[in-house]
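In: Following is a predicted model, sequence given first.
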Amino acid sequence: MTPDQLTITAILVLAMGLFLWGRWRYDLVALSALLACVILDLVPASEAFAGFSHPAVITVAAVLILGQGLQSSGAVELLAKRLLPSSAGPTVGILALISLSAALSSFMNNVGALALLMPLAIQLARRHNFPAGQALMPLAFGSILGGMTTLIGTPPNLIVSGFRADHGGAAFAMFDFAPVGGAVAVVGIVFIGVLGWRMVPARKSSEEVSFDTGTYFSEVRILAGSKSEGKQLSEVELLLEEADAQVIALVRNNVRLAAPNPRRVLLADDILVIEVMPESLSTALTSLGLKLEEDLPTAESTEEPKPSSDPKNTNHGNPAKAPASANGKTSDNKPTEARSSGQFDPAIQELVVTPNAAMVGRSATDLELRSRFQVNLLAISRQGRRSMSRLRSVRIQPGDVLLVQGSSEAIAEFASHQGGLPLATRDIQMPQKGQTLFASLTMLLAVVMSALGWVTPAIGFLSAALAFVLMRVVPVRSVYSSIDWSVVVLLGALLPVAHAVASTGTADLVARTFLLGMSQGDSVYALILLLVVTMFLSDLMNNAATAAVMCPVALSTAQQLGVNADAFLMAVAVGSSCAFLTPIGHQNNTLILGPGGFRFGDYWRLGLVLELIVVSVAVPAILWAWPL
């Protein structure tokens, strides 16, 4: 190996290790790899940022904006309501659900398609009384399969198309991926819908286990002359934390203040609504001289009733047992807040944390949930388990399910700003009359123009995205927030690195010593090996990164074998998209981790069989559609 080959190999191995480690975001890892290549003169400084001008990067950004527009206009949810059966059995229901997700993923970001249909999957599981995960994993896998069928369905297809164009051929057209991707998707969907969903581990979801905490919402009054009178709320909260209790709201003059300002000074006769474990209730009361509201005399009775020794006593609704749920109801269908809470009726909502959410790696304290968003964090579920201790200091991770409380508007703003998706059933929302039809027709026009070759995909979908903005389908303020910039940065940074793999001869070396050596020069065996290796890498790191790394190897292998390079590029496209073994291989897998109550090792049971099916279907389909 030459020094340049050794250097680029070391950079790639280190980058893959960082992808697997997961401590750094993959866009930062990609930027670091790019800068290392520039510093070590593997990539000319003048070409360091050429990847950001690549048509694939522009197309990905435009498709993300279009996906946001289809979602906000209500077009996708309207389609789901009309096409999904409401009275069918579980098998038909799951088949219909994953078929719709695959169809949507063909023309919009598959993470967005999954997010839109997750509430319907959970509702389907509830209706037929089986764990939510057995509907969520098929839904996630179905949306991944659907993305393989078109040029814009998933970033790996755009990357593969770009490499084809950069190496003397024309870019793949809109539906060039359909013969192979469509065959894999159809067979995979039928398998998952008929049999595969039964192979998913029957884990209890976060909603069924993690938020059934046994904690209580109790109202306590601040007595005149007590330790807490005259203190700031933040000081009282620090003392309550020692008893594993937290303040949910403040009631003053019969007006309830959800997520009150921590600097608010507490007065006598203020009422604090606290969440507390039963065994910690006494400690929480005595530490600050507080009194249960139900133990105080009322206008109807001047004699103070005896306090109940049973913390589960629900007289007057206080302290009321309140296992949290998505609809803000207790187990007996009464609101979680007490009667004396006044005029404000807060909502309780479950939010699942998306893989690239702004809140990832930060705690509730870092986010300033209460003072900034007027939202309370009640619980965090991680892989089906709830963390109770020091809730505000827990670092939020992708796939976590957060139970939050606040006004509906405050929760919606927090979710939109920080990257949380609601798990409760949502109603269709159409901001303006006619937007649904306009969004659908504009997207259809962009697809047709690109498919017929009238315009390039980058120009076609960028024009459609601009039309969405001009017609206010996507508000101007939401244009940039709708783009997953980590994916854009990843693509822009890795494309020059991938070209360095080819220019240094490293791709030729890998193809000659590994693929060709193991396949003994047989082109079909080499194709199968390339597909399997790509699938393996995609299970461990980002699919776009996998495609960028493997495309030069595929081109070099085909060149040395003297066969059609399109077949090997198509194997990379399929393999990069088939990450079914781990929760980290694809964003969709991460997204269902918390809501499904899954563990890291739960994915391979269905995923391994599905990947074997992919290989057995994809290889003949590639050989038929793109003969060697």
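Out: Great, that's in hand. Numbers count the residues shown, from 1 in each chain.
In: where in the stretch 251-400 of the chain is pLDDT low?
Out: Residues of the stretch 251-400 of the chain meeting the criterion pLDDT under 70: 258-259, 276-287, 289, 292-346, 378-379, 382-392.
In: What is the least confident helix or strand in this structure?
Out: strand 320-321 (a mean of 36; mean pLDDT, DSSP states H and E).
In: In terms of secondary structure, what does the lengthiest helix in the chain contact?
Out: In the chain, assigned by DSSP state H, the helix with the most residues is helix 604-625. Helices and strands touching helix 604-625, by 3 or more C-beta pairs under 8 Å, 6 or more residues apart in numbering; DSSP states H and E, are helix 133-147, helix 178-194, helix 523-540, helix 565-577. Where you see a C-beta, it was placed from the backbone N, CA and C, and this is true even at glycine.
In: mind redoing it with 6 Å?
Out: Packing partners of helix 604-625 (3 or more C-beta pairs under 6 Å, 6 or more residues apart in numbering; DSSP states H and E): helix 178-194, helix 565-577.
In: For the spatially most central residue of the chain, grab phi and psi.
Out: Centroid-nearest residue in the chain: Thr354, 3.1 Å away (criterion: C-alpha atoms, centre = their mean). Main-chain dihedrals, Thr354, degrees, to the nearest 10: phi -80, psi 160.
In: Please identify the nearest residue in space to it, excluding sequence neighbours.
Out: Gly419 (4.6 Å; C-beta to C-beta, 6 or more residues apart in numbering).
In: all helices for the stretch 101-250 of the chain, in order.
Out: 110-128, 133-147, 155-166, 178-194, 233-241 (DSSP state H, counting those that start in this stretch).
In: Need the winner for burial among those helices.
Out: The highest average neighbour count among those, using mean count of other C-beta atoms under 10 Å, belongs to helix 133-147 at a mean of 30.
In: So what's the model's average confidence on that helix?
Out: Mean per-residue pLDDT for helix 133-147: 92.
In: Same check on stretch 224-244?
Out: The predicted model assigns stretch 224-244 a mean pLDDT of 78.
In: Likewise for stretch 436-456?
Out: Mean predicted lDDT for stretch 436-456 stands at 87.
In: now what about that stretch, what contacts it?
Out: 66, 69-70, 73-75, 174-175, 430, 457, 460-461, 464, 467, 471, 473 (C-beta atoms under 6 Å, 6 or more residues apart in numbering).
In: quick check, nearest of those to Ser486?
Out: Leu66 (18.6 Å; C-beta to C-beta).
In: number of nearby residues for the closest one?
Out: 29 (other C-beta atoms under 10 Å).
In: Secondary structure element holding it?
Out: Per DSSP states H and E, Leu66 falls inside helix 55-72.
In: After that helix, which helix or strand is next? Please name it.
Out: That would be, after helix 55-72 and using DSSP H and E, helix 75-83.
In: Quick one: residues in contact with that following helix.
Out: Leu70, Leu100, Leu116, Ile428, Thr436, Ala439, Ser440.
In: So for the second one, what's the pLDDT?
Out: Looking at Leu100, its pLDDT is 91.
In: looking at it, the residue nearest to the centre of the chain is touching Gln418, isn't it?
Out: No: Thr354 is not in contact with Gln418 according to C-beta atoms under 6 Å; the separation is 9.3 Å.
In: ok so, going back, so which of the contacts of helix 75-83 are in helices?
Out: The helices, defined by DSSP H, take in Leu70, Leu100, Leu116, Thr436, Ala439, Ser440 from those.
In: burial measure for Val448, as a count.
Out: 12.
In: Would you confirm that it belongs to a helix?
Out: Yes: counting by DSSP: H, G, I helix; E, B strand; the rest coil, Val448 falls inside a helix.
In: So it versus Gly460, what's the distance?
Out: Applying C-beta to C-beta, to the nearest Å, the value for Val448 to Gly460 is 9 Å.
In: contacting residues around the helix or strand containing Ile94?
Out: Per DSSP H and E: Ile94 is located in helix 90-105. Residues outside helix 90-105 that contact it (C-beta under 6 Å, 6+ apart): 83-85, 113, 117, 121, 124, 128, 138-139, 142-143, 145-147, 153, 185, 189, 193, 197.
In: how much does that helix deviate in direction from helix 110-128?
Out: 160 degrees (axes from the mean of the first three to the mean of the last three C-alpha atoms, to 10 degrees).
In: could you dump helix 90-105 to CSV, C-alpha only?
Out: What follows is helix 90-105, C-alpha atoms only, in CSV (Å, rounded to 0.1, in the frame of the first residue of the first chain):
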residue,chain,number,x,y,z
PRO,A,90,-54.5,-7.2,12.5
THR,A,91,-52.9,-8.9,9.4
VAL,A,92,-54.8,-6.8,6.9
GLY,A,93,-54.4,-3.7,9.0
ILE,A,94,-50.6,-4.1,9.2
LEU,A,95,-50.4,-4.9,5.5
ALA,A,96,-52.3,-1.8,4.6
LEU,A,97,-50.3,0.3,7.0
ILE,A,98,-46.8,-0.7,5.8
SER,A,99,-47.9,-0.6,2.2
LEU,A,100,-49.0,3.0,2.6
SER,A,101,-45.8,3.8,4.4
ALA,A,102,-43.8,2.3,1.6
ALA,A,103,-45.7,4.3,-1.0
LEU,A,104,-45.2,7.5,0.9
SER,A,105,-41.5,6.8,1.4
